[in-house]
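Student: next input, structure requested:
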Amino acid sequence: MKILIIDDETSLRRTLRIALESMGHAAAEARDARQALDALERERFDAAFLDLRLGQEQGLDLLPELLHVAPDLDVIVITAYATIATAVEAMRQGAFDYLPKPYTPDQLRSVFERLARVHRLQVQVADLEAQVHASVPEADLGTQEPGMDEALKLAYRAAASTATMLLCGESGTGKGVLARAIHARSSRAQGPFLTVACPSLSAELLESELFGHVRGAFTGAVRDTLGKVAAAEGGTLFLDEVGDLPAALQPKLLRLLQELKYERIGETETRSADVRILAATNRNLKEETAAGKFREDLLYRLNVIEVNLPPLRERRRDIVPLAAHLLQFFARQNGKHLTGFSDEARESFLRYAWPGNVRELRNAVERGVILASGDVVGLADLPVQVSSPAQAGVQVGAHVTLDELEAVHIRRVLASTSTIEEAARVLGVDASTLYRKRKRYGL
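Tutor: Model prediction:
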């Protein structure tokens, strides 16, 4: 590593430099704040050793300036006047570690071992982020449609606040993508963003996923679990399809929203939460409230800011640009050089109603890229319901068999839902039955 030593005593700088160089590091010296800042302006350093007493200057006053000039710099504070108070203050201001004088070579090596571990973890995180970016198409929320533009402007205006927001729209309209964009524009952007899929679990397991549990709270609870409310501390918790939240959990979510308080399952201790709630639904929660399926007071707490995302069929001018954006991603992912879509494929995109919205468009484009044999995605490369609506558009009452009708219906529900479990719920069957029917119809 390349290290900057900031100390007003020449002999101590030289001694530390010799020790660092003997460990294989490169070192430079600065006797005061001006020299240190000049060095950081000229060169990049991995870490700095900062003495807290630099003649008439205070190292703690210099620390924020160092990090302003070089935000990635790891600063190790050193001092002969070590106290817990100065250590805490140094760490609070952004120091990586703290060494009291006199220190030994073993203590120096220990600091560098910790630095190396942190750097390795940073590289691993960057690599994982690159892998995720490469495997998931970059979110494109650009639009040429006034309805979508209004929704985005409202969401972005409210993003900087701490208000709870309710994102409404059909399945596949991009509510999850928008939730991430809101988080990225908020003051909590550096905190975690966690998602809870409300339809995916039983009431007991969903409560555990949200609030956590203690060991022995229920069958299978073999260890304490914090839950996603605690894991999202300082960040954002996204409740996907909150309209499916079980009735037993609704008052507990209401308390979290009102008081930022909760308890883990099997525990009486009340915990405080520092988390912003974003929620999404594809249901009409006002109708659900009127039917007694959703608490009215919870609805009022959730939709402080309500954002309605229009379905893709109402965003005709966005369809082809979205498809082109997805084509570029999947072409890179599959190692293909594709220039776009044929005229017939583009026309079919505009004719089709897209019941599964952007999610269905994504699936159609991915299939088209995989099957394309030339330099464009053609009509034959697209799913039959997109390329030949008349062929796929079996109507109730038409002279077709029940199997044909069922196959088309299942295909459309699968296209408009995000999971097999959600599709099974919409169809009124269990997941294993849906699996058998998909296999039977080749879906």
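Student: let's see stretch 176-194 as PDB, backbone CA atoms only.
Tutor: In PDB, the C-alpha atoms belonging to stretch 176-194 read as follows (Å, rounded to 0.1, in the frame of the first residue of the first chain):
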ATOM      1  CA  GLY A 176     -40.300  -2.300  -7.600                       C
ATOM      2  CA  VAL A 177     -38.000  -0.400 -10.000                       C
ATOM      3  CA  LEU A 178     -39.500   2.900  -9.000                       C
ATOM      4  CA  ALA A 179     -39.200   2.100  -5.300                       C
ATOM      5  CA  ARG A 180     -35.400   1.600  -5.800                       C
ATOM      6  CA  ALA A 181     -35.200   4.900  -7.700                       C
ATOM      7  CA  ILE A 182     -37.000   6.700  -4.800                       C
ATOM      8  CA  HIS A 183     -34.600   5.200  -2.300                       C
ATOM      9  CA  ALA A 184     -31.600   6.200  -4.500                       C
ATOM     10  CA  ARG A 185     -32.900   9.900  -4.500                       C
ATOM     11  CA  SER A 186     -33.500   9.900  -0.700                       C
ATOM     12  CA  SER A 187     -31.300  10.900   2.200                       C
ATOM     13  CA  ARG A 188     -31.200   7.200   3.000                       C
ATOM     14  CA  ALA A 189     -29.600   6.300  -0.300                       C
ATOM     15  CA  GLN A 190     -26.400   5.000   1.500                       C
ATOM     16  CA  GLY A 191     -28.500   2.800   3.700                       C
ATOM     17  CA  PRO A 192     -29.900  -0.700   2.900                       C
ATOM     18  CA  PHE A 193     -32.900  -1.200   0.600                       C
ATOM     19  CA  LEU A 194     -34.800  -4.400   1.500                       C
END
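Student: can you point out the buried residues in that stretch?
Tutor: If you call a residue buried by 16 or more other Cβ atoms under 10 Å, then stretch 176-194 has these buried ones: 176-183, 186, 188, 191, 193-194. Quick note: C-beta positions are derived from backbone N, CA and C, even for glycine.
Student: ok, now stretch 51-62?
Tutor: Asp51, Leu52, Arg53, Leu54, Glu57, Gly59, Leu60, Leu62.
Student: and Gly172, how many neighbours?
Tutor: 25 (other Cβ atoms under 10 Å).
Student: over to Glu421?
Tutor: Counted with other Cβ under 10 Å, Glu421 comes out at 16.
Student: go on, Leu312?
Tutor: Neighbour count for Leu312, taken as other Cβ under 10 Å: 27.
Student: same deal with Ala116?
Tutor: 11.
Student: and after the helix or strand hosting it, which helix or strand comes next?
Tutor: Element membership for Ala116 (DSSP states H and E) is helix 105-135. Next helix or strand after helix 105-135 toward the C-terminus (DSSP H and E): helix 146-159.
Student: give me the low-pLDDT residue ranges for this protein?
Tutor: 81-84, 126-127, 129-139, 389-400, 418, 442 (pLDDT under 70).
Student: what are the bridge partners for the most centrally placed residue in it, then?
Tutor: Centroid-nearest residue in the chain: Phe193, 4.8 Å away (criterion: Cα atoms, centre = their mean). For Phe193, the beta-bridge partners are Thr236 (DSSP bridges).
Student: roughly how far apart are it and Glu113?
Tutor: As defined by Cβ to Cβ, to the nearest Å, Phe193 lies at a distance of 32 Å from Glu113.
Student: same question, Lys439
Tutor: Lys439 is 54 Å from Glu113, by Cβ to Cβ.
Student: just the C-alphas of stretch 253-266, formatted as CSV.
Tutor: C-alpha atoms of stretch 253-266 as CSV (Å, rounded to 0.1, in the frame of the first residue of the first chain):
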residue,chain,number,x,y,z
LEU,A,253,-47.7,-2.8,10.5
LEU,A,254,-49.9,0.2,11.5
ARG,A,255,-48.1,0.5,14.8
LEU,A,256,-44.8,0.4,13.0
LEU,A,257,-45.9,3.2,10.7
GLN,A,258,-47.4,5.3,13.5
GLU,A,259,-44.9,4.8,16.3
LEU,A,260,-41.8,3.2,14.7
LYS,A,261,-42.1,0.5,17.4
TYR,A,262,-42.4,-3.3,17.2
GLU,A,263,-41.6,-6.5,19.0
ARG,A,264,-40.0,-9.7,17.7
ILE,A,265,-42.1,-12.9,17.9
GLY,A,266,-41.7,-14.5,21.3
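Student: what residues does it touch?
Tutor: Residues outside stretch 253-266 that contact it (Cβ atoms under 8 Å, 6 or more residues apart in numbering): 164, 204, 207-208, 210-218, 221, 224-227, 229, 239, 245, 252, 269-275, 277, 295, 297-298, 301-302.
Student: next one: stretch 298-305
Tutor: By Cβ under 8 Å, 6+ apart, stretch 298-305 touches 154-155, 158, 161, 163-166, 242, 250-251, 253-254, 257-258, 277, 279, 285-286, 289.
Student: stretch 167-175 now?
Tutor: So stretch 167-175 is contacted by 139, 141, 155, 178-179, 240, 278-282, 285, 306-312, 356-360, 416-418, 422 (Cβ under 8 Å, 6+ apart).
Student: so which of those are in strands?
Tutor: Among the contacts of stretch 167-175, the ones falling in strands (DSSP state E) are Asp240, Leu278, Ala279, Ala280, Thr281, Glu306, Val307, Asn308.
Student: burial of the third one, as a residue count?
Tutor: Just to be clear, that refers to Ala279. 28.
Student: and what of the second one?
Tutor: If you count neighbours by other Cβ under 10 Å, Leu278 ends up with 30.
Student: measure it to Ala155 for me?
Tutor: Per Cβ to Cβ, Leu278 is found 10 Å from Ala155.
Student: quick one on the thing from earlier: of the contacts of stretch 253-266, buried ones?
Tutor: Here the buried ones among the contacts of stretch 253-266, as counted with 16+ other Cβ under 10 Å, turn out to be 164, 204, 207-208, 210-214, 217, 221, 225, 227, 229, 239, 245, 252, 271, 273, 275, 277, 295, 298, 301-302.
Student: just the ones of these in helices?
Tutor: Members of the buried ones among the contacts of stretch 253-266 lying in helices (criterion: DSSP state H): Glu204, Glu207, Ser208, Leu210, Phe211, Val229, Lys252, Leu298, Arg301, Leu302.
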